[in-house]
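Visitor: show me the folded form of this:
(one chain, ligands or ions: 1)
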Amino acid sequence: MINKIALAGCGNVGTALLEILHEKKDELREKYGFEYKVVLVSDLMKGVIMDPEGLDLGAALESVRETRTFEKLPRAEGSFEELLERSGATVLAEGTPTNLKTGEPGLTHIRAALSRGISVTTTNKGPIALAFDELTELAKANGAQLSYEGVVMSGTPLIDMMKNGVAGCSVLKLEGILNGTTNFMLTKMGEGMEYGAALAEAQALGYAEADPTGDVEGWDAAVKVSILAKILFGADVPVDKVERTGITKVTPPQIEEAKKNGCAVKLLAGLDASSSRLRAYVEPKEIPMSHPLASINGATNAITVTTDNLGDVTLIGPGAGRKETGQALLGDMIRMSR
Ligand code: HSE
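Guide: Here you go, the predicted model:
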């Protein structure tokens, strides 16, 4: 079956997805039996293009390179829902920016697809954090699949590891570094860079949220913890119930002092199910350099999952980035097509 892909949101991540699809077309078919056409791309800034027979990705990417828009291609007219229907899409890749208050516009896109039996992969934390149960049920009722690997640790396959890799284990707790921006900033501040310059660099590299207070105040890590609580423990831990402290008060001298004491400052996020109450937290901690998470630098994320049957399992990999998050969408689509 040919996967007919609609893409909602073509910023850094969506563009990276199109680039990977274009570059790896043959490899994806040969190695994974994954054949595709991109039939719709909708972006607030770049414009909307649609072709049920498959868009010319080379031309679309060239237009983006030259004009930062799709203006060199014929523009499609109509609402997202109408275009989704007319495009004949079988899968929606949803990569619009996260809005943790409303989940929009991603929530509307995802509902539109699932209610039509169109499977969805999303990197958008808002809809998953706000409407996980509703969307899961909507998918089930319409015979569609819903995947969200990219909402935590970008393309590093934590969700797949938890759903499939450690199947049969009970998870007792997990703790890790789940925000790339703040880990990048703490690393740079440890090298002497000022807070503002470190944040500006994280933004330039595409790690930060559209509103970076989401990163530095710990909201982004908190939402990931809230999502993991739901997926792993079926527990409703709203984001504002996660114990949360960000890195806004961490200073380069404090990091320097910690270093002198043989420690690193890390923003740790965790879930502890070892007692009767599930504890969810995000907090900067000084950890000894011998701790496995102390040497995780830059935008890299890492998480240690404590299980009954396997003991500790640690996963380390990129937690943010355009290509890395584009890979999350691609990986989900390949898995769903199987
Ligand atoms: N702003 C997020 C981070 C992006 O820095 O980790 C990935 O969720």
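
Visitor: and residue 48, how far is that from residue 88?
Guide: Per CB to CB, to the nearest Å, residue 48 is found 16 Å from residue 88. C-beta coordinates here come from the backbone N, C-alpha and C atoms, glycine included.

Visitor: oh, I was asking about residue 10
Guide: Residue 10 is 19 Å from residue 88, by CB to CB.

Visitor: neighbour count for those two, which is higher?
Guide: residue 10 (27 against 15; other CB atoms under 10 Å).

Visitor: quickly find the element holding that one.
Guide: Counting by DSSP states H and E, there is no helix or strand that carries residue 10.

Visitor: I'd say it and residue 44 touch.
Guide: No. Counting by CB atoms under 8 Å, residue 10 does not reach residue 44; the two are 9.0 Å apart.

Visitor: flag every residue of the stretch 151-300 of the chain that's near the ligand.
Guide: 154, 179-181, 207-209, 215, 220 (CB under 6 Å from any ligand atom).

Visitor: repeat that with 8 Å
Guide: 151-154, 178-184, 202, 207-209, 212, 214-215, 220-221, 224, 299 (CB under 8 Å from any ligand atom).

Visitor: residue 243 contacts residue 278, correct?
Guide: No. Using CB under 8 Å, residue 243 makes no contact with residue 278, being 11.6 Å away.

Visitor: name the residue in the two with the higher neighbour count.
Guide: residue 278 (16 against 13).

Visitor: quick one: secondary structure of the closest residue to the more buried one other than its chain neighbours?
Guide: Of all residues not flanking residue 278 in the chain, residue 235 sits nearest, at 5.3 Å (CB to CB, 6 or more residues apart in numbering). Here residue 235 is coil, with the state taken from DSSP: H, G, I helix; E, B strand; the rest coil.

Visitor: can you pull the phi/psi pair for residue 235?
Guide: phi -100, psi 140 (degrees, to the nearest 10).

Visitor: and the pLDDT at it?
Guide: Residue 235 is assigned 95 on the pLDDT scale.

Visitor: residue numbering should commence at 756 henceforth.
Guide: Done: numbering now begins at 756, and the last item shifts to residue 990.

Visitor: surely it touches residue 1034?
Guide: No. Contact criterion CB under 8 Å: residue 990 and residue 1034 do not qualify, at 10.8 Å.

Visitor: just checking, residue 969 touches residue 855?
Guide: Yes. Between residue 969 and residue 855 a contact is recorded at 7.1 Å, counting by CB under 8 Å.

Visitor: which one's more surrounded, the two?
Guide: residue 969 (22 against 19).

Visitor: ok, the closest residue to the ligand within the stretch 956-1093 of the chain - contacts?
Guide: The nearest approach of the stretch 956-1093 of the chain to the ligand comes at residue 1075, 3.8 Å away (CB to the nearest ligand atom). Neighbour list for residue 1075: 909, 934-936, 961-962, 1054, 1056 [criterion: CB atoms under 8 Å, 6 or more residues apart in numbering].

Visitor: how about it, secondary structure?
Guide: Classified using three-state DSSP, residue 1075 is coil.

Visitor: nearest residue to it in space, ignoring adjacent ones along the chain?
Guide: Using CB to CB, 6+ apart, the closest residue to residue 1075 is residue 935 (3.2 Å).

Visitor: that neighbour and residue 1054, how far apart?
Guide: 3 Å.

Visitor: in stretch 928-936, what's buried?
Guide: 928-936 (16 or more other CB atoms under 10 Å).
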